[in-house]
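Novice: using only what follows, build the 3D model:
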Amino acid sequence: MITLKASANDIERALHELQHLAANGEGSDARHTGEFLLALYAGDENPLNLQDFANLCPARMHQALQLLAFLMTTGTGLDRFISEEAIDQVKDNLSAIRCEGFVPTPVGKITYLDTTKTQDVVAGSS
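Specialist: Predicted structure coming up:
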């Protein structure tokens, strides 16, 4: 059973740790945490997907639920507790995790021993 009792220090710690993971982490916990924070920050642009909760490790899920309960109970938005710069870091990391901004660019050709065949070589760039 998950209890949602939390002190102000618990909420502050949860927000700090969730933002740090979402802004600097790799893998699914970082991605789901980032998507969750974006949904709390700008829900119109980033709808909340309940799978973001279901796919978090138990410790992060507990922190996310504490934060959500606090915001709902107090009727405040995440934008009162986190800076735009911190959210931009989350957005940047999410973009990297999702491989957004990958644009293939031609860098050369491969010539096979049979000189009638060539193949373009493509590399990605941001």
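Novice: my guess is residue 31 contacts residue 90. True?
Specialist: No. If you go by C-beta atoms under 8 Å, residue 31 and residue 90 don't touch, sitting 10.3 Å apart. (C-beta placed from N, C-alpha, C; glycine too.)
Novice: neighbour count winner among those two?
Specialist: When neighbours are counted by other C-beta atoms under 10 Å, residue 90 comes out ahead of the other of residue 31 and residue 90, with 25 against 19.
Novice: who touches the more buried one in this structure?
Specialist: Applying C-beta atoms under 8 Å, 6 or more residues apart in numbering, we find residue 90 in contact with 19, 22-23, 34, 37-38.
Novice: closest to residue 46 out of those residues?
Specialist: Checking the contacts of residue 90 against residue 46 with C-beta to C-beta, the nearest one is residue 38 at 4.0 Å.
Novice: how close does the closest one get to residue 19?
Specialist: 11 Å (C-beta to C-beta, to the nearest Å).
Novice: and if you look at residue 13?
Specialist: Residue 13 is 11 Å from residue 19, by C-beta to C-beta.
Novice: now residue 12
Specialist: 11 Å.
Novice: so which of the two has more stuff around it?
Specialist: Set side by side, residue 12 and residue 19 show more neighbours around residue 19, with 21 against 13, by other C-beta under 10 Å.
Novice: and whatever helix or strand that one lives in, what does it pack against?
Specialist: Residue 19 is part of helix 8-24, with elements assigned from DSSP states H and E. Helix 8-24 sits against helix 28-41, helix 58-74, helix 84-97, with contacts defined as 3 or more C-beta pairs under 8 Å, 6 or more residues apart in numbering; DSSP states H and E.
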